[in-house]
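**Student:** just a sequence and a predicted model for now, questions to come.
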Amino acid sequence: MSWTDDRVERLRKMWDDTQKTTREISRELGGVTRNAVIGKAHRLGLPNRIKAAKVAKEKAAREAAKEGADKDGRPAAKPGPKTESARPVAKDAPDAAPFRKKTIIPADQPLPPQPSANEISPEAIAKVNEVEKHARRIKLMELTECTCKWPIGDPATEDLYFCGLPVQQGKPYCEAHVSVAVQPTSSRRDRRR
């Protein structure tokens, strides 16, 4: 199928009608795919249909508001008393945080400290400190698949040792070090946001 002047003109007219989908336009033109229609419209420099539809909808809403009606022509609803929220959120609910209003901090000011979802519990830290007192403290060349590979000491000096206690099944560390090293999946997901 070739793009004749007649077909291009029909495409331009149908493209301006934001009620028609690109699939419907391709069917009416015949012999072209939806992607071919989109590609030709792009090459012709036709406006983005989503943006054009949004602009038209906003314009209709503004005109309707001026006339005292909504965009469908019905009388506009009178504003009622303002409520705090359409959806009640418990103060201690875990998903309450995403609905809080975000504050904008100027670029020249430091960010305030943020609570971390990855903070290690004090019990886990105490357990690790107790375990490290009883660690075997083995060197790198003594590590096996059955020994905990948690480093202890400064890696830049000769004082680097490894825990050496028996590992937890399927993990590289002992039970105490796994409790510190392995994060639940939800914590890792929260960190990426």
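**Tutor:** Everything's here; your move.
**Student:** quick one, domains of this structure?
**Tutor:** Domain assignment of the chain by automatic domain parsing yields the ranges 5-67, 122-192.
**Student:** got the ones you listed as TSV, with mean neighbour count, distance to Ile105 and mean pLDDT columns?
**Tutor:** Placement of C-beta: from N, CA and C, glycine included. Converted to TSV, those look like this (neighbours: other Cβ atoms under 10 Å; distance: least, Cβ to Cβ, whole Å; pLDDT from 0 to 100):
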stretch	mean neighbour count	distance to Ile105	mean pLDDT
domain 5-67	13	31	83
domain 122-192	14	20	82
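**Student:** which one of those lies nearest to Ala107?
**Tutor:** domain 122-192 (23.5 Å; Cβ to Cβ).
**Student:** before we move on, back to that, what's the closest of the domains of the chain to Asp108?
**Tutor:** Of the domains of the chain, nearest to Asp108 by Cβ to Cβ is domain 122-192, at 26.6 Å.
**Student:** who's in contact with Leu160?
**Tutor:** 140, 151-154 (Cβ atoms under 8 Å, 6 or more residues apart in numbering).
**Student:** for Pro47, same thing?
**Tutor:** If you count contacts by Cβ under 8 Å, 6+ apart, Pro47 has none.
**Student:** before we move on, the earlier item: out of the contacts of Leu160, flag the one nearest to Glu63.
**Tutor:** Pro151 (68.8 Å).
**Student:** before we move on, the earlier item: turn the domains of the chain into a markdown table, columns for distance to Ile104.
**Tutor:** Formatted as a markdown table, the domains of the chain follow (distance: least, Cβ to Cβ, whole Å):
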| stretch | distance to Ile104 |
| --- | --- |
| domain 5-67 | 25 |
| domain 122-192 | 22 |
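**Student:** of these, which approaches Pro110 most closely?
**Tutor:** Using Cβ to Cβ, the nearest of the domains of the chain to Pro110 is domain 122-192, at 20.5 Å.
**Student:** please enumerate the helices of this structure.
**Tutor:** With DSSP state H as the criterion, the chain has helices at 5-16, 22-29, 34-44, 49-67, 122-133, 175-181, 185-192.
**Student:** how about TSV for those helices, with distance to Cys163 added?
**Tutor:** As requested, the helices of the chain are exported to TSV (distance: least, Cβ to Cβ, whole Å):
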stretch	distance to Cys163
helix 5-16	68
helix 22-29	62
helix 34-44	58
helix 49-67	57
helix 122-133	7
helix 175-181	6
helix 185-192	23
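**Student:** to Leu165, which of the ones you listed lies closest?
**Tutor:** Nearest of the helices of the chain (Cβ to Cβ): helix 122-133, 6.8 Å.
**Student:** to Asp159, which of the helices of the chain lies closest?
**Tutor:** helix 122-133 (13.4 Å).
**Student:** please name every helix or strand in contact with that closest one.
**Tutor:** Applying 3 or more Cβ pairs under 8 Å, 6 or more residues apart in numbering; DSSP states H and E, we find helix 122-133 packed against helix 175-181.
**Student:** perfect, I'm done here.
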